[in-house]
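[1] the sequence and its predicted three-dimensional model are supplied below.
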Amino acid sequence: MIPAATPLLSVQGLKVHYAVRQGWRGKHFAVRAVDGVDLTLRAGECLGLVGESGCGKSSIAQALLGLVPATAGVIRLDGHEITGAAQVSAMALARSAQMVFQDPMSSLNPRQTIREILSAPLRLHGMTDRAEREARVAEMLGLVGMSPEVASRYPHEFSGGQRQRLCIARALILRPKLVICDEPVSALDVSIRAQIINLLLDLKDKLGLALLLISHDLGVVEHMSDRIAVMYLGRIVEEGGWREIFTAPSHPYTRALISAIPDPLHRDRVPARLGGEIPSPMAPPEGCAFNPRCPQALPQCQSGQVPDFTRLGADHQARCHLLKTGTSHA
Amino acid sequence: MKAGANLYVGGGIILLIFLLAVFAPLIAPYDPVTSANLMYAEEPPGAQFWLGTDEQGRDIFSRIAYGARISLFIGLAVQVMNTAIGVSLGLSAGYIGGWWDEIVQGLTNLMLSIPTIVFALALMAILGPGLPSLLIALGMTDWAYSCRISRAQVLTQKSLNYVQSARTMGFGPLHVMFRELLPNISGPLIVVATMGVGSAIMAEASLSFLGLGVVPPNPSWGGMLSSAREQLMVAPWVAVFPGLALFAAVLGFNLLGDGLRDLLDPHGKGRK
């Protein structure tokens, strides 16, 4: 695949570490929530970021939005730099990237009307004309399939699905180029999920949005993403295009995740379940972080460095010792 | 007592005292200070003097009416100051966290470990008696509870996504604290602030009783109690009626606070 001129979002060597103190005046530990992640995302594309809870996917989102400082690495978004000395202002970042949160129930301030929630950011970003703000609010409500009359109501008057639509409207109100969706449908009823997923896909095509879809649910990711990155314990273990990931998953972790998607046509097939839990990012295992749970772990997986990426195709790479034999290094 | 009853009884008492204070010049039959006349000293309650007279022959009802002005003004002003200090500190400590949180928490624990009245006494001793020093002494010493409550409320609210969302929109910490968080934590704070008015009135009375509050001969309930102390055996009404007024005011504010709690509690049935 030939990359378009410049990607909208490029992340290089991103690290997000949190300092944790154990006990009063105890030793400081670094929780390596994100430990060297590279990502690129082009306009109009949806990148699915998959992983178990605790693997650091939400920390990436927060670092992209400037909510937590990046410990190391470079994030470039829409020509701005989010990290380092030449850091862009929070205001400019807000106009480039927005977020849709998992829980629509707590995402809207219960004491503000929808109009206040949607128009306050516009006023903050310099839209002083009231009529102009009203028009933008109505436009965004229409875009997410709600009538402009709902603007005078309070959040508690809406159902979960409607609230998520309102959250999407708010995320779009400043016309950002990147929308980060952190588990956008996992708090919703199954019957509502498809509506919200299709709404997000429609908006992506209509507005040329880039979506960063964060999810543990491969079913949702399969439906929405153009490209997929699989994360395990702060690192990306496999990334590639939709076809490569779902037809030729190469990392044992990806294979385990994909086999866990319920398949109605082969109900007798027993999924290869993973035992154990994700290790603590405060004390990651030596070698490949996945080795304690990997069904195919080799002796060299249990010590030394994390395996490098092995390039498997034009747009497909994975970090696993099993892939090294006979394939060239990335 | 039913949930609504607290609100109405408390509100009714406060309204009565408030009207008494506002219309004191119209209601009070005598001047609270200049009507001193030893001819009528320590008259029992009767038709001429509704609640009797004190040792200088001043009408007790008139003095209570004028005293209500001082008590209400100090109670409300002090509580506004305390709440403003407590909420600002608690809100910022909870939201910002880190070293600022440690400092505010240390300060709060310090304030809680010293009885408010002792702290206020010490301040009054330094500043001298009078209304301005009374406001400073009481208005800066009783903010620990509103600070604690606002901090605890902020801690439960600040991880909610609407706060995160406001931050991603580019709103600064002042907007997030006072426009997003404050309206969502105001319920318990209103209750605490209302009940605090009662204790502020009580604290003012205590300081005046000890001679450090409102300067005599200006009428204040605490001061009236203080001067009535010596005639408690011969003329009990001199002490009883200011005491009852004080009791009613504190009870009124506490009932009002209780009623507001029932009304504002999101889990209560009062809210639709």
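    Structure's in. What do you need?
[2] quick one: contacts for residue 45?
    By default, I'm working from chain A. A:210-211, A:226-227 (C-beta atoms under 8 Å, 6 or more residues apart in numbering or on different chains). All C-beta spots, glycine's among them, are computed from the backbone N, C-alpha and C.
[3] please go with chain B instead
    Taking C-beta under 8 Å, 6+ apart, we find residue B:45 in contact with B:51-52, B:237.
[4] all strands for chain A, in order.
    With strands called from DSSP state E, chain A shows them at A:9-21, A:28-41, A:46-50, A:72-77, A:80-81, A:97-100, A:178-182, A:210-215, A:227-232, A:235-241, A:309-313, A:316-319.
[5] right, and those strands - which one's nearest chain B?
    strand A:97-100 (5.3 Å; C-beta to the nearest C-beta).
[6] what residues does chain B have near chain A?
    Contact residues (C-beta under 8 Å from any C-beta of the partner chain) of chain B with chain A: B:160-162, B:164-171, B:175, B:180, B:183-184.
[7] go with 6 Å
    Residues of chain B that fall close to chain A, judged by C-beta under 6 Å from any C-beta of the partner chain: B:160-162, B:165, B:167-170, B:180, B:183-184.
[8] would you single out the least confident of the strands of chain A?
    Mean pLDDT across those is lowest at strand A:80-81; the value there is a mean of 82.
[9] which other residues reach it?
    Residues from elsewhere that reach strand A:80-81 (C-beta atoms under 6 Å, 6 or more residues apart in numbering or on different chains): residue A:88.
[10] go again using 8 Å as the cut-off
    A:74-75, A:87-88, A:92-93, A:96.
[11] neighbours of the residue lying closest to residue A:310 once chain neighbours are set aside, just the number please.
    Here the nearest residue to residue A:310 in space, its sequence neighbours aside, is residue A:323; by C-beta to C-beta, 6 or more residues apart in numbering or on different chains that works out to 4.2 Å. When neighbours are defined as other C-beta atoms under 10 Å in any protein chain shown, residue A:323 has 18 of them.
[12] buried ones in stretch B:172-191?
    Residues B:175-177, B:179-182, B:184-189, B:191 are the ones in stretch B:172-191 that count as buried (16 or more other C-beta atoms under 10 Å in any protein chain shown).
[13] now that stretch: average pLDDT?
    Stretch B:172-191 shows a mean pLDDT of 92.
[14] tabulate the CA atom coordinates of it in CSV.
    Coordinates of each C-alpha in stretch B:172-191 appear next as CSV, following Å, rounded to 0.1, in the frame of the first residue of the first chain:
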residue,chain,number,x,y,z
GLY,B,172,-9.5,25.3,31.4
PRO,B,173,-9.5,24.1,35.0
LEU,B,174,-11.5,27.1,36.3
HIS,B,175,-14.4,26.4,33.9
VAL,B,176,-14.3,22.7,34.7
MET,B,177,-14.3,23.3,38.4
PHE,B,178,-16.9,26.0,38.7
ARG,B,179,-19.1,25.5,35.6
GLU,B,180,-19.1,21.7,35.2
LEU,B,181,-18.3,20.3,38.7
LEU,B,182,-19.8,22.8,41.1
PRO,B,183,-23.4,22.5,39.8
ASN,B,184,-23.2,18.8,40.2
ILE,B,185,-21.9,18.9,43.8
SER,B,186,-24.1,21.7,45.0
GLY,B,187,-26.8,19.6,46.6
PRO,B,188,-24.9,18.4,49.7
LEU,B,189,-23.1,21.8,49.9
ILE,B,190,-26.4,23.7,50.2
VAL,B,191,-27.5,21.4,53.0
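[15] end to end on stretch B:155-162, go ahead and measure it.
    Distance across stretch B:155-162, first residue to last, is 14 Å (C-alpha to C-alpha, to the nearest Å).
[16] quick one: it to chain centroid distance?
    From the chain centre to the centre of stretch B:155-162 is a distance of 31 Å (C-alpha atoms, centre = their mean, to the nearest Å).
[17] check stretch B:220-233 too.
    On C-alpha atoms, centre = their mean, the centre of stretch B:220-233 falls 21 Å from the chain's centre.
[18] what residues sit buried inside that stretch?
    Buried residues in stretch B:220-233, defined by neighbour count with 16+ other C-beta under 10 Å: B:220-228, B:231.
[19] name the residues that touch that stretch?
    Residues from elsewhere that reach stretch B:220-233 (C-beta under 8 Å, 6+ apart): B:42, B:54-55, B:60, B:63-64, B:67-68, B:70-71, B:201, B:204-211, B:213-214, B:216, B:235, B:238-239, B:242-243, B:245-246.
[20] mind running it again at 6 Å?
    Here stretch B:220-233 has contacts from B:55, B:67, B:70-71, B:205, B:208-209, B:213-214, B:216, B:238-239, B:242, B:245-246, using C-beta under 6 Å, 6+ apart.
[21] if any of these are buried, give me the PyMOL selection for them.
    What follows is the PyMOL syntax for the buried subset of the contacts of stretch B:220-233, where burial is set by 16+ other C-beta under 10 Å:
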select buried, chain B and resi 55+67+70+71+205+208+209+213+214+238+239+242+245+246
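[22] tell me which two in the contacts of stretch B:220-233 are the farthest apart.
    Within these, B:55 and B:71 form the most distant pair, 21.3 Å apart (C-beta to C-beta).
[23] could you look up the SS state of the residue most central in space within chain B?
    Residue closest to the average C-alpha location in chain B (C-alpha atoms, centre = their mean): residue B:197, at 2.1 Å. The local conformation at residue B:197, judged by DSSP: H, G, I helix; E, B strand; the rest coil, is helix.
[24] how close does it sit to residue B:221?
    According to C-beta to C-beta, to the nearest Å, residue B:197 stands 14 Å off from residue B:221.
[25] show me where pLDDT drops low in the stretch 51-200 of chain A?
    By pLDDT under 70, the weakly predicted segments of the stretch 51-200 of chain A are A:84-87.
[26] what about residue 83, how many neighbours?
    All of this is about chain A. Neighbour tally, residue A:83, other C-beta under 10 Å: 22.
[27] hm, I was asking about chain B
    With neighbours defined by other C-beta under 10 Å, the count for residue B:83 comes to 24.
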